[in-house]
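Engineer: next comes the sequence, and after it the predicted model I'd like to discuss.
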Number of protein chains: 2
Amino acid sequence: MDQKITIDDVAKAAGVSKGLVSLALNDRAGVSAEAKGRILRAADELGWRPDPRARGLSTRRAYALGLIVRRSPHVIEVDPFFASFIAGAEAVLAERGQVLVLSVVPDVRTEVDAYRRLSSERRVDGFFLTDLLDDDHRIAALTGLGKPAVVLGRPDEAAGMPVISRDYSAGISQLVAHLAELGHRRIAHVTGNTAMQHARIRLQHFLAECESRGLEAVVEEADFSPEQGAAATRRLLEAPDRPTAVIYGNDPMAIAGMAVAHERGLSLPGDLSIAGMDGSDMGEWVYPTLTSLDNAPSQWGSTAADTLLRLIEDGAAPDVELPDAELIRRASTAAPARTTSHHSKER
Amino acid sequence: MDQKITIDDVAKAAGVSKGLVSLALNDRAGVSAEAKGRILRAADELGWRPDPRARGLSTRRAYALGLIVRRSPHVIEVDPFFASFIAGAEAVLAERGQVLVLSVVPDVRTEVDAYRRLSSERRVDGFFLTDLLDDDHRIAALTGLGKPAVVLGRPDEAAGMPVISRDYSAGISQLVAHLAELGHRRIAHVTGNTAMQHARIRLQHFLAECESRGLEAVVEEADFSPEQGAAATRRLLEAPDRPTAVIYGNDPMAIAGMAVAHERGLSLPGDLSIAGMDGSDMGEWVYPTLTSLDNAPSQWGSTAADTLLRLIEDGAAPDVELPDAELIRRASTAAPARTTSHHSKER
DNA sequence: TTGAAAGCGCTACCAT
DNA sequence: ATGGTAGCGCTTTCAA
């Protein structure tokens, strides 16, 4: 009583051969408009959907796309990017009869194993490559597997696959300008893991921007986790000549940094201005609300899915440059207090 | 040069028929130990893995499990549970040649659509049912689809499917006791969406525990989002007779609540004790570090995956009760300051 | 214990 | 424009 309907039932109902049903379904040439209408109607009435397994057996497709997320155990729980990314991709996939196969792994070794497994089991037709590393050998591994893939972020060398990217330079420029206009002269940047492409690029933009404005730039390296964001903030605040503003590589680190500032009795944003990046909604609900750069993860998702499907189906797809990241001004940035060279304990 | 190896190649290499290879592979009776060894070795040398599509066509299996996560746009980005849940499930799935199909949707309507699609396309062999609602009609929808499923959380009525659950009563009891011993007499609970099963159960335990200890209990309803956690906290702090301690239904709300307290100039935990639930690592990196109840999401994942596979393969699987949640004492809870009936602005 | 052959549901090719 | 048919790679009878 369940789904036992096959293409034959539809063919019979429409009074045609199953070959024709197949052509009609995949709207290919060779079917009269009249027949096509009859077939589609019959399929609809019977509630028939082609079985992707059977289809795949002939077409060598899986009608599935793979996403492998690599997160260390303590970063895993707070990352704001992926749920939205997936939701964005999902919208495109559902519409095209595709499905998302997801895997969450702890490290690069396991990650490559996962690509290999999904590929050798022919589970997916292509991959999303995220969290691009410097000189990322996953690109070679992936092309070695011969699976189509799109990469999120701009690799140093030609990747041989479509690249989805977003330019942060304008946003970072706006952000630094915003702080400079408020009167900050000494600004820190807490980076994400600079083995990651986007963390390094952001750092470069930050440094270039400070230099061109004649601002003092100080850099602390972290890894995108709140833990290291907090530790970096402590180092910054303990330094004899602490910065009056800190820009973090992502919002979770910024939020952790705010906690450290509170812990030290600093009032925000008076004693310290704080800004994030990769703007997540959580920035709206912390105190003070967090100035950040928007990133629209779901836009990344839908664009990447669309590009990957195009690549799979047409054998090629163009790179996509997403709209520039833009500054979201909120309450965590303000003019610095007059005295900045001592820890100010006043409120 | 890629994977063009089929079961026939293996059969040829081992000098047997492909039927025998199949039997050997699925270690079924009827294969001599000697032949089996030869076959498995040949498969290994050729690097052959059976194609799940072809297998599924015969066995009517997809060798995939479905997880549909429903999140409203602003809760989506901060939920700590799912990444770990998936990582935990993944470990079991990979080992058993299965794969996880994931979908992220905005509401229940879309969620049911997703179950239907995955089911009618025969994409998965079973589902994980999470975020159980009161009188959850997804259970009926799912049994209507005839797909095996396991449910996370304890449904009111017999679900007709295996139930994975964790008892929070002991943990909540420990938590309330902890606060009572510190001297708190008036304790608030900011709930998650009480349409959700686990939120309601936690509330009940909280109320029962306060009653049995003769404590005043005050309740504010929220929805697990930081936004509403913050709003609920504002309502609590503005009340004439504010509580000295607040227990939140999850950690993200607790963290948002801490921000509100900071915003009002309260010092934590002196002026207000705060505790979370569903303990995530992020609690370690906020200030003050967050007292919470542990929840081990990856344990939920591995257990649920194991149970679901057992159900699919054997047609039945027992319910599982995970170890009781336990109190994680951290720095956000302490004895209340002497004066509690006025907003204390002192530091 | 083993081999041969008939499906599983679809696509694709060859006729017509 | 349409119908018939041979696979796709595996599992599962049925014989031997």
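Structural biologist: Alright, I've got the coordinates.
Engineer: what about residue A:130, how many residues nearby?
Structural biologist: Other residues near residue A:130 come to 21 when the count uses other Cβ atoms under 10 Å in any protein chain shown. The C-beta positions use only the backbone N, C-alpha and C, and glycine is treated the same way.
Engineer: what pLDDT does the model give the nearest residue to it once chain neighbours are set aside?
Structural biologist: Spatial nearest neighbour of residue A:130, excluding adjacent residues (Cβ to Cβ, 6 or more residues apart in numbering or on different chains): residue A:152 at 4.8 Å. Per-residue pLDDT puts residue A:152 at 94.
Engineer: hmm, residue A:164 and residue A:152 touching each other?
Structural biologist: Yes - under the contact definition of Cβ atoms under 8 Å, residue A:152 touches residue A:164, with a separation of 5.2 Å.
Engineer: compare those two (neighbour count), which wins?
Structural biologist: Between residue A:152 and residue A:164, residue A:164 has the larger neighbour count (other Cβ under 10 Å), namely 25 against 22.
Engineer: which strands or helices does the helix or strand of chain A with the lowest mean pLDDT pack on?
Structural biologist: Least confident helix or strand of chain A, by mean pLDDT, DSSP states H and E, is helix A:251-263 with a mean of 86. In terms of contacts (3 or more Cβ pairs under 8 Å, 6 or more residues apart in numbering or on different chains; DSSP states H and E), helix A:251-263 is packed against helix A:226-238, strand A:245-248, strand A:273-275, helix B:251-263.
Engineer: among those, which is the most enclosed?
Structural biologist: strand A:245-248 (a mean of 30; mean count of other Cβ atoms under 10 Å in any protein chain shown).
Engineer: that one pairs with which strands?
Structural biologist: strand A:186-191 (parallel), strand A:273-275 (parallel) (DSSP bridges).
Engineer: contacting residues for the closest residue to residue A:230 other than its chain neighbours?
Structural biologist: Excluding the flanking residues, the one nearest residue A:230 by Cβ to Cβ, 6+ apart is residue A:256, at 4.2 Å. Contact partners of residue A:256, counting by Cβ atoms under 8 Å, 6 or more residues apart in numbering or on different chains, are A:226, A:227, A:229, A:230, A:233, B:285, B:286.
Engineer: try residue A:277
Structural biologist: A:168, A:202, A:247, A:248, A:249, A:250, A:251, A:254, A:292, A:293, A:295, A:325.
Engineer: how far is stretch A:45-52 from where the chain is centred?
Structural biologist: 34 Å (Cα atoms, centre = their mean, to the nearest Å).
Engineer: and for stretch A:20-29?
Structural biologist: Relative to its parent chain, stretch A:20-29 has a centroid offset of 36 Å by Cα atoms, centre = their mean.
Engineer: now check it, is it near chain B?
Structural biologist: No - applying Cβ under 8 Å from any Cβ of the partner chain, one finds stretch A:20-29 separated from chain B by no less than 13.4 Å.
Engineer: buried residues in that stretch?
Structural biologist: Residues of stretch A:20-29 classed as buried: A:20, A:21, A:22, A:23, A:24, A:25 (neighbour count, 16 or more other Cβ atoms under 10 Å in any protein chain shown).
Engineer: which residues are common contacts for residue A:152 and residue A:164?
Structural biologist: Joint contacts of residue A:152 and residue A:164 (Cβ under 8 Å, 6+ apart) are A:300, A:304.
Engineer: so residue A:165, which state does it fall into?
Structural biologist: What DSSP: H, G, I helix; E, B strand; the rest coil gives for residue A:165 is strand.
Engineer: what pairs with it across the strands?
Structural biologist: Beta-bridge partners, per DSSP bridges, of residue A:165: residue A:321.
Engineer: tell me who's in contact with it.
Structural biologist: A:152, A:153, A:154, A:319, A:320, A:321, A:322.
Engineer: how far away is the third one from DNA strand C?
Structural biologist: What it means is residue A:154. To DNA strand C, residue A:154 is 35 Å away according to Cβ to the nearest atom of the strand, to the nearest Å.
Engineer: got phi/psi on that residue?
Structural biologist: Reported as degrees, to the nearest 10, the phi and psi values for residue A:154 are phi -100, psi 110.
Engineer: now for the residue in the stretch 101-250 of chain A positioned nearest to DNA strand D, how many residues are close by?
Structural biologist: Per Cβ to the nearest atom of the strand, residue A:122 is where the stretch 101-250 of chain A lies closest to DNA strand D, at 8.4 Å. Residues near residue A:122, counting by other Cβ under 10 Å, number 20.
Engineer: checking it next. Helix, strand or coil?
Structural biologist: Per three-state DSSP, the local secondary structure of residue A:122 is coil.
Engineer: surely it touches residue B:50?
Structural biologist: No - Residue A:122 lies out of contact with residue B:50 (Cβ under 8 Å); the separation is 10.1 Å.
Engineer: could you pull out the helices for chain A?
Structural biologist: A:7-14, A:18-25, A:33-46, A:52-59, A:81-95, A:108-120, A:137-145, A:169-182, A:197-213, A:226-238, A:251-263, A:297-314 (DSSP state H).
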